[in-house]
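Undergrad: pasting the structure only:
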C-alpha cells in the first residue's frame with residue numbers, strides 16, 4: 001500500500017471518529033427548551049464553529065502523528081512532491097467533496113423554504129460538511145487504488 005493510500009485511510013477513519021465523538025460530546029449540551037430561542041441559535045452556532053476548529057486541529061495532529069509513525073515503521077520520508085497523478089486525484093477529490101457540500105447547502109436552504117425548523121438546516125449543513133469530508137477522502141482512496 002502506498003503512502004497516499006494509507007494517508008487516505010487514516011483521513012477517512014479520523015474524519016468519522018472526530019465527527020462521532022464530537023457529536024456525542026455536544027449532544028447532552030443541547031438546550032431542551034423552546035425551539036426558536038436564542039439559546040438554541042447560540043448552541044448551533046457554537047456547534048458549527050467549534051466542530052470546524054476541532055476538526056482542523058485534530059486533522060493536523062493526526063497528520064503529524066501519522067507521518068511520525070509512517071517514518072518510524074517504514075524508514076521512508078513523506079513524498080515531498082506531487083506528480084500529475086497526485087494532482088489529478090486531489091482535484092477529483094476536491095470536486096466531489098465540493099459537489100456534496102454545495103448539494104447539502106442547497107438542501108439546507110430548501111429546508112428553510114419549506115418551513116422546517118432551523119435545527120433541520122443546521123443538521124443538514126453539519127451532515128453535508130461531514131459527508132463531503134468523507135467523500136473527499138474516499139475519492140482519493142478509490143482513485144489511488146483503482147486509478148484515474
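TA: Nice, I can see it. On a predicted model such as this, the values are computed, not experimentally measured, just so you know. Numbers count the residues shown, from 1 in each chain.

Undergrad: which residues are in contact with stretch 120-137?
TA: Residues from elsewhere that reach stretch 120-137 (Cβ atoms under 8 Å, 6 or more residues apart in numbering): 8, 11-12, 15-16, 19, 44, 47-48, 51, 55, 93-94, 96-98, 100-101, 103-105, 107-109, 111-112. Just so you know, the C-beta spots here come from the backbone N, C-alpha and C atoms, and that holds for glycine as well.

Undergrad: In which helix or strand does the residue nearest the centre of the chain reside?
TA: Geometric centre of the chain, nearest residue: residue 133, 3.2 Å, by Cα atoms, centre = their mean. Here residue 133, judged by DSSP states H and E, is contained in helix 118-146.

Undergrad: How about that helix, which residues are buried there?
TA: Going by neighbour count (16 or more other Cβ atoms under 10 Å), the buried part of helix 118-146 is 119, 121-126, 128-141, 143-144.

Undergrad: by contact count, what packs against the helix ranked longest in the chain?
TA: What stands out as the longest helix in the chain, according to DSSP state H, is helix 38-74. Packing partners of helix 38-74 (3 or more Cβ pairs under 8 Å, 6 or more residues apart in numbering; DSSP states H and E): helix 3-26, helix 118-146.

Undergrad: any chance of these in CSV, plus mean pLDDT and distance to residue 37?
TA: As requested, the helices and strands packed on helix 38-74 are exported to CSV (pLDDT from 0 to 100; distance: least, Cβ to Cβ, whole Å):
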stretch, mean pLDDT, distance to residue 37
helix 3-26, 92, 17
helix 118-146, 92, 11
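
Undergrad: For residue 69, which of the ones you listed is the nearest?
TA: In terms of Cβ to Cβ, the element of those nearest to residue 69 is helix 3-26, at 9.3 Å.

Undergrad: Does that closest one pack against any helices or strands, and if so which?
TA: Right, helix 3-26 is packed against helix 38-74, helix 118-146 by 3+ Cβ pairs under 8 Å, 6+ apart.

Undergrad: try 10 Å
TA: helix 38-74, helix 84-113, helix 118-146 (3 or more Cβ pairs under 10 Å, 6 or more residues apart in numbering; DSSP states H and E).

Undergrad: still on that earlier bit, with residue 54 as the reference, measure out to the residue nearest to the centre of the chain.
TA: According to Cβ to Cβ, to the nearest Å, residue 133 stands 13 Å off from residue 54.
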